[in-house]
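Asker: Next input, structure requested:
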Amino acid sequence: MAHALAAPPLGSDLRPVMGSAGIPYVGRSMQYIRDPLALWRQQERRYGQVSWHTMAGRRVVLVLGADGCEEILTNRDKAFSNALGWRPLIGPFFDNGLMLMDLGEHRHHRRLLQQAFTKDRLASYAAAMEPLIARTVQEWDSSEHFQIYPAVKSLTLGLATEVFMGGVRDGDTRLDAVNKAFVDCVQAATSIVRLDVPGGRWRRGLKGRRFLEDFLRDYLPDRRRGDGRDLFSVLAHLEDDDGERFSDDAIIDHMIFLLMAAHDTSTITISTMVDQLGRHPQWQEECRRQSLAAGPDVSAPEARAGLTALDAVMKESLRMLAPLPTMARWTVRDTVIRGHHVPADVMVVATPHYTHHDPTYWSDPEVFDPTRFDGRALPHKFAWQPFGGGVHTCLGQFFSAIEITMVLHHLLRHHTWSVPADRATPIDFTSLPYPKDGQPVRLQRRS
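Answerer: The predicted structure follows:
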């Protein structure tokens, strides 16, 4: 039965947030995992664009639409905590990463970390990635059922460890375990049973976090002593205005979060792009034409500038499947969202994935159409927000765009592929969205 989350202040003209809890404790979790857009549209029909329900026993204020996203992500009255919003979900696994910081602490760490993503640093990372991407993609064999998602995930993790860590020692066979640890940490965020019990997803996430800490701590002394240009080495030597460096624990925390963000979100976007280009051969051919004209090496920004079709495909793919469908916040005091009274101490989620499919801003939103991004202004500043907004806008968005472009560029030059147009790709929304079936495509080498 629907009821108000909290009564608005007497004498105000604010509206209450209406909703219902759903199944005891579980709430709407299973509906979200099956199809978040269907859940959100159901909530909108019943209660409007600001409503509430529960997820794993926690009250959640659901905010739909670009205007609501803007209010939350810009956080002009400082009513929303980023750290408190994410901590109940991913705190034990990614705590003290940049996404789990607020205000002065966030400004301080972000200012330091920005030194690792300057124009010169990005150029260095691109140059390091180029031969690794070229070699790996060229080695992919023709197959009637080539599984793109695991192949790309392996590639992006390898790139992350090489570019961000400076590589691993000869004979270190732990990369498969590193990949599994990241998967376990990310999937633990949506555990229904959030206890350290045998066989549970939460326990696997905790074990994964400990493994990643030990793995990175093993390499940290070498990075402290060396003068490498990889991100790990850069973090080991960064200094603030007072000459203070990151502690060992701070470096480990930042590396775990950045390595996860650097390979998981890029993998999702590359996977979506391959899927869409496999269904739309005319776009695949146009992207290939530009990649062939650009030459083999697009590590320089001048070379990538000619890949306009690929850039539009990337943006449209990010619209169709945002790697981060929701963005969590926590109210630190009573506040107002789109005329609704929202009480303190409650989770609030902005929903870019909903906005990306909102017909208010996008005509035929379920249709793949990269011409939406042909240089025209966005229909609303927050109609397209795959990288967040405000002070918490993703620090690595430009690195991600470079990596994604380079992988697709080499794939286009060396392979063609197709996907049956009548076969929908099954997406799992348990944590970050990914194709449940590994996303098989018909891959062929170009002669």
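
Asker: what number of residues lie near the spatially closest residue to Leu259 that is not a sequence neighbour?
Answerer: Take Leu259 and drop its neighbours on the chain: the residue closest to it by C-beta to C-beta, 6 or more residues apart in numbering is Ala160, 5.1 Å away. C-beta: built from backbone N, CA, C; applies to glycine. Number of residues near Ala160 (other C-beta atoms under 10 Å) recorded here: 24.

Asker: ok, Ala160 - contacts?
Answerer: Counting by C-beta atoms under 8 Å, 6 or more residues apart in numbering, Ala160 touches 259, 262-263.

Asker: Out of these, which sit inside helices?
Answerer: Assigned to helices by DSSP state H, the following of the contacts of Ala160 qualify: 259, 262-263.

Asker: for the stretch 301-447 of the chain, what spans make up the strands?
Answerer: Counting by DSSP state E, counting those that start in this stretch, the stretch 301-447 of the chain has these strands, from start to end: 327-331, 335-337, 340-342, 347-350, 415-418, 427-428, 434-435, 440-445.

Asker: buried ones in the helix or strand hosting Gly104?
Answerer: Secondary structure from DSSP states H and E places Gly104 in helix 103-113. In terms of neighbour count (16 or more other C-beta atoms under 10 Å), helix 103-113 has its buried residues at 106, 109, 112-113.

Asker: sorry, back to before: now the strands of the stretch 301-447 of the chain as JSON lines including mean pLDDT, distance to Met255 and mean neighbour count?
Answerer: Rendered in JSON lines, the data for the strands of the stretch 301-447 of the chain read as follows (pLDDT from 0 to 100; distance: least, C-beta to C-beta, whole Å; neighbours: other C-beta atoms under 10 Å):
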{"stretch": "strand 327-331", "mean pLDDT": "96", "distance to Met255": "22", "mean neighbour count": "22"}
{"stretch": "strand 335-337", "mean pLDDT": "97", "distance to Met255": "34", "mean neighbour count": "19"}
{"stretch": "strand 340-342", "mean pLDDT": "98", "distance to Met255": "35", "mean neighbour count": "23"}
{"stretch": "strand 347-350", "mean pLDDT": "97", "distance to Met255": "27", "mean neighbour count": "24"}
{"stretch": "strand 415-418", "mean pLDDT": "98", "distance to Met255": "33", "mean neighbour count": "18"}
{"stretch": "strand 427-428", "mean pLDDT": "93", "distance to Met255": "27", "mean neighbour count": "16"}
{"stretch": "strand 434-435", "mean pLDDT": "92", "distance to Met255": "23", "mean neighbour count": "23"}
{"stretch": "strand 440-445", "mean pLDDT": "96", "distance to Met255": "33", "mean neighbour count": "18"}
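
Asker: Buried residues, the helix or strand of the chain with the lowest mean pLDDT. List them.
Answerer: Using mean pLDDT, DSSP states H and E, the weakest-scoring helix or strand in the chain turns out to be helix 175-188, at a mean of 84. For helix 175-188, burial by neighbour count (16+ other C-beta under 10 Å) applies to 178-179, 181-188.

Asker: Contacts made by it with the rest, please.
Answerer: Under the criterion C-beta under 8 Å, 6+ apart, residues 90, 92-94, 153-154, 157-158, 161, 168, 201-202, 204-209, 211-212, 215, 256, 259-260, 263-264, 430-432 lie in contact with helix 175-188.

Asker: List the ones among those residues that fall in helices.
Answerer: Short answer: the contacts of helix 175-188 in helices (DSSP H) are 90, 92-94, 153-154, 157-158, 201-202, 204-209, 211-212, 215, 256, 259-260, 263-264.

Asker: Helices of the stretch 251-400 of the chain, start to end?
Answerer: If DSSP state H, counting those that start in this stretch is used as the criterion, the helices of the stretch 251-400 of the chain fall at 281-294, 301-304, 308-320, 352-355, 397-414.

Asker: for these, which one sits closest to Asp120?
Answerer: For the helices of the stretch 251-400 of the chain, distance to Asp120 was read as C-beta to C-beta. The smallest value, 11.7 Å, belongs to helix 301-304.

Asker: Dump the C-alpha coordinates for that closest one into PDB.
Answerer: Taking only C-alpha atoms (Å, rounded to 0.1, in the frame of the first residue of the first chain), the coordinates of helix 301-304 have been written out as PDB:
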ATOM      1  CA  PRO A 301      44.900  12.900 -30.600                       C
ATOM      2  CA  GLU A 302      45.400  14.300 -34.100                       C
ATOM      3  CA  ALA A 303      45.000  10.800 -35.500                       C
ATOM      4  CA  ARG A 304      41.900  10.100 -33.400                       C
END
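
Asker: and it, what does it pack onto?
Answerer: Using 3 or more C-beta pairs under 8 Å, 6 or more residues apart in numbering; DSSP states H and E as the contact criterion, the elements in contact with helix 301-304 are helix 397-414.

Asker: The helix it packs on vs helix 281-294, what angle?
Answerer: Following axes from the mean of the first three to the mean of the last three C-alpha atoms, to 10 degrees, one obtains 100 degrees for the angle between helix 397-414 and helix 281-294.

Asker: In helix 397-414, which residues are buried?
Answerer: Buried residues in helix 397-414, counted by 16+ other C-beta under 10 Å: 399-414.

Asker: Can you mark which positions in stretch 307-316 are buried?
Answerer: Residues of stretch 307-316 classed as buried by neighbour count (16+ other C-beta under 10 Å): 307-316.

Asker: Correct me if wrong: Thr326 contacts Met347.
Answerer: No - under the criterion of C-beta atoms under 8 Å, Thr326 makes no contact with Met347, lying 10.3 Å away.

Asker: before we move on, back to that, ok now the least confident helix or strand of the chain, how far from the chain's centre?
Answerer: 15 Å (C-alpha atoms, centre = their mean, to the nearest Å).
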